[in-house]
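Novice: predicted model and sequence below, questions to follow.
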Amino acid sequence: MSAQEEIKKAVEVSLKRFKLKEVDFLVEKPKEASHGDYSTNVALVVSKQVKKNPMEVARQIAQGMEGKIFKDVQVVAPGFINIFLKDEVFNKDIQQILKQEDFGENKNLKNKKIIVEYTDPNPFKEFHIGHLMSNAIGESISRILEFEEAKIVRVNYQGNVGLHVAKAVWGKKKNENLSWGEAYVFGSQSYEKDEDAKKEIISTNTDLYDPKIRETDKYYVSGFKETLAAFEKVYDKLGTKFNDNFFESEVADFGKKIVEEGLKKGIFETGEKGAIIFKGESVGLHTRVFINSEGLPTYEAKELALAKVKYDKYKYDQSIVITGNEVDEYFKVLLAAMSQIFPELAKKTMHIGHGMMRLPEGKMSSRTGKIVTAEFLIGKVQEVVLEKIKEREFSEAEKNEIAKKVAVGALKYSILKQSIGSNIAYELERSINFQGDSGPYLQYSLARAISVLEKAKTEGIKELLKKAPETVSTFVKMMQYFPEVVQKAGKEYQPHYIATYLTELAHEFNNYYAQNKIVDSKDELSPYKVAITKAFTVIMKNGLWLLGIPVLERM
């Protein structure tokens with residue numbers, strides 16, 4: 001039982017005096033160390049139910065709390081109970097960390113199958129920084145849920161049919177020298193400005209819904225193959241391996257059939273020019289088109305089919321779909337329609353909308369050609385990192401590998417360090433700062449600790465906890481909270497809790513490193529110092545893995 005769980009149990013035992021059925025309260029690490037190792041708001045919650053002064057309730061609960069791990073229990077205004085733990089609790093935790101390489105794992109989702117859909121770049125277009133955000137978030141959430149023993153199925157859903165494909169194919173046919181990204185931009189601009197081009201693109205779009213035409217159109221075949229191959233190169237850099245790919249062409253006909261059947265049941269209605277719509281206003285939302293006036297299924301119809309196709313293949317307990325938050329309202333309508341067609345699947349489906357990444361140049365747009373690709377951004381960051389480490393004693397191959405991993409770490413940390421719904425103003429120089437709030441800072445802190453362990457090994461100093469200092473450091477205390485942080489990140493689908501925790505822990509380690517000579521054969525506490533350094537590396541490796549940030553043993 002963890003210290004947090006033991007505290008909660010002690011509080012629950014003390015609460016019996018109030019004869020309440022159920023009390024929902026928090027036991028968590030306070031922001032200030034002076035407020036204890038843990039603090040609980042239980043008295044503030046209970047006082048509302050029993051209609052008593054919170055301080056009086058807090059004192060009654062504190063008096064009834066018993067536990068071998070408690071050093072002190074204090075009541076402070078307006079009614080918090082602060083708990084201080086005995087030093088041996090923290091040293092026992094270090095022992096556990098040293099024995100358990102997967103420290104931080106839990107079994108909260110054991111035997112649960114969760115399908116996570118993220119990234120979703122469309123063939124015939126470029127992999128831009130919006131996809132980079134979705135990938136970083138989706139990969140991290142997948143790993144956090146895996147750390148809770150869920151069976152994760154990573155999937156991509158990609159638009160290989162639709163107007164965007166027709167624009168790119170039409171543009172390529174008009175000018176074969178254009179890249180596929182350029183062809184899409186040319187097609188988009190022509191669609192808006194030239195009525196004849198618009199008619200041709202609409203006709204191309206209709207044609208490409210026919211699988212026989214897709215299989216024989218050389219432009220379509222080459223574009224599909226080339227862009228997917230380019231995506232795989234990016235995934236390799238980012239450390240993502242998808243279990244499956246779903247394409248719009250696989251669900252288009254099924255989606256149309258679902259909507260047409262729903263129309264007969266009164267779930268959908270006929271709108272202008274024969275389009276089939278879902279009246280979202282009936283559930284406080286807005287109307288959306290599911291089959292357009294040309295008789296083609298829209299994204300909405302295809303998403304309905306996709307949910308069923310994914311379930312039929314994987315029988316998931318939960319389906320998580322991660323996209324930019326500009327489609328949040330769209331997903332609300334989609335789930336409202338799904339709840340009437342596939343009610344059980346709607347209950348299992350969760351949409352997570354993330355914010356946008358903006359560079360100093362402003363928001364990108366693939367339609368206008370003002371796009372920043374993931375490859376370009378990773379390469380740009382890599383160049384700057386290479387310049388910073390050019391004087392270090394590494395081979396050119398090592399420098400390039402370090403620069404690549406640091407660049408990926410810098411970008412992922414910048415995305416994951418704040419709540420998922422927030423927009424990000426990316427600052428390149430800040431993202432690669434080796435001295436603070438950044439991915440490279442975490443990578444460097446771990447590399448430093450690994451170097452210390454290598455030195456200890458050379459000098460024959462083994463990690464031992466037999467002789468410990470009289471007072472436990474803040475650095476050691478911090479390590480206890482990692483499992484709780486992982487659980488909170490998993491429960492709320494928020495990797496930023498882990499990013500923040502690792503940054504604080506790395507800061508404590510670097511302070512400890514600056515104030516203590518860790519490897520010293522003449523110091524009887526050196527084995528202890530080496531032991532807590534090794535424990536730090538276990539947590540940092542696990543934490544960085546959860547964020548999808550590459551580990552570097554030398555920097």
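Specialist: That came through, no problem.
Novice: show me the helices in the stretch 251-400 of the chain, by range?
Specialist: Assigned by DSSP state H, counting those that start in this stretch, the helices in the stretch 251-400 of the chain fall at 299-314, 328-341, 343-348, 374-388, 396-416.
Novice: what about the residue lying closest to residue 437 once chain neighbours are set aside, neighbour count?
Specialist: Using Cβ to Cβ, 6 or more residues apart in numbering and skipping residues adjacent in sequence, the residue nearest residue 437 is residue 503, 6.0 Å away. To be clear about C-beta, it is placed using only N, CA and C from the backbone, and glycine gets the same treatment. Per other Cβ atoms under 10 Å, the neighbour tally for residue 503 reads 20.
Novice: what's the answer for residue 355, then?
Specialist: 18.
Novice: likewise the one 5 residues further on?
Specialist: For residue 360, the tally of surrounding residues (other Cβ under 10 Å) stands at 8.
Novice: helices and strands of this structure: which one bottoms out on pLDDT?
Specialist: Lowest on mean pLDDT, DSSP states H and E among the helices and strands of the chain sits strand 357-358, with a mean of 86.
Novice: next, the residue nearest to residue 437: phi, psi?
Specialist: With angles defined as degrees, to the nearest 10, residue 503 sits at phi -60, psi -40.
Novice: isn't it right up against residue 435?
Specialist: No. Between residue 503 and residue 435 no contact is recorded; they are 11.7 Å apart, counting by Cβ atoms under 8 Å.
Novice: between these two, what contacts are shared?
Specialist: Taking Cβ atoms under 8 Å, 6 or more residues apart in numbering as the criterion, residue 503 and residue 435 both touch residue 441.
Novice: can you pull the buried residues of stretch 18-34?
Specialist: Using 16 or more other Cβ atoms under 10 Å as the test for burial, stretch 18-34 gives 25, 27, 29.
Novice: am I right that the first one is in contact with residue 41?
Specialist: Going back to what we said before, that points to residue 25. Yes. Contact criterion Cβ under 8 Å: residue 25 and residue 41 qualify, at 5.8 Å.
Novice: for residue 98, which non-adjacent residue is spatially closest?
Specialist: Skipping the residues right next to it in sequence, residue 98 comes nearest to residue 535 by Cβ to Cβ, 6+ apart, at 5.8 Å.
Novice: quick one: average confidence on the helix or strand that contains that neighbour?
Specialist: Taking DSSP states H and E as the definition, residue 535 sits inside helix 526-547. If you average the pLDDT over helix 526-547, you get 98.
Novice: also stretch 284-296?
Specialist: 95.
Novice: so which bits of that stretch are buried?
Specialist: 285, 288, 289, 290, 291, 292, 296.
Novice: dump it to PDB, restricted to CA.
Specialist: Provided in PDB are the C-alpha atoms of stretch 284-296 (Å, rounded to 0.1, in the frame of the first residue of the first chain):
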ATOM      1  CA  GLY A 284     -28.700  21.700 -28.100                       C
ATOM      2  CA  LEU A 285     -26.100  21.400 -30.900                       C
ATOM      3  CA  HIS A 286     -26.100  22.400 -34.600                       C
ATOM      4  CA  THR A 287     -27.100  20.800 -37.900                       C
ATOM      5  CA  ARG A 288     -24.600  18.900 -39.900                       C
ATOM      6  CA  VAL A 289     -24.700  17.300 -43.400                       C
ATOM      7  CA  PHE A 290     -24.100  13.500 -43.500                       C
ATOM      8  CA  ILE A 291     -24.700  13.000 -47.200                       C
ATOM      9  CA  ASN A 292     -24.100  15.900 -49.500                       C
ATOM     10  CA  SER A 293     -26.200  17.100 -52.400                       C
ATOM     11  CA  GLU A 294     -24.000  15.000 -54.800                       C
ATOM     12  CA  GLY A 295     -25.100  11.900 -52.900                       C
ATOM     13  CA  LEU A 296     -21.600  11.400 -51.400                       C
END
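Novice: residues contacting it, please?
Specialist: So stretch 284-296 is contacted by 202, 205-206, 209, 252, 255-256, 259-260, 268, 271-281, 297-298, 300-301, 304, 329-330, 332-334, 336-337 (Cβ under 8 Å, 6+ apart).
Novice: narrow the residues you listed to those that are buried.
Specialist: 202, 205, 209, 252, 255-256, 259, 268, 271, 275-280, 297-298, 300-301, 304, 330, 332-334, 336-337.
Novice: isn't there a helix covering residue 483?
Specialist: Yes. Assessed by DSSP: H, G, I helix; E, B strand; the rest coil, residue 483 belongs to a helix.
Novice: pretty sure residue 4 contacts residue 484?
Specialist: Yes. Counting by Cβ under 8 Å, residue 484 is a contact partner of residue 4 at 5.7 Å.
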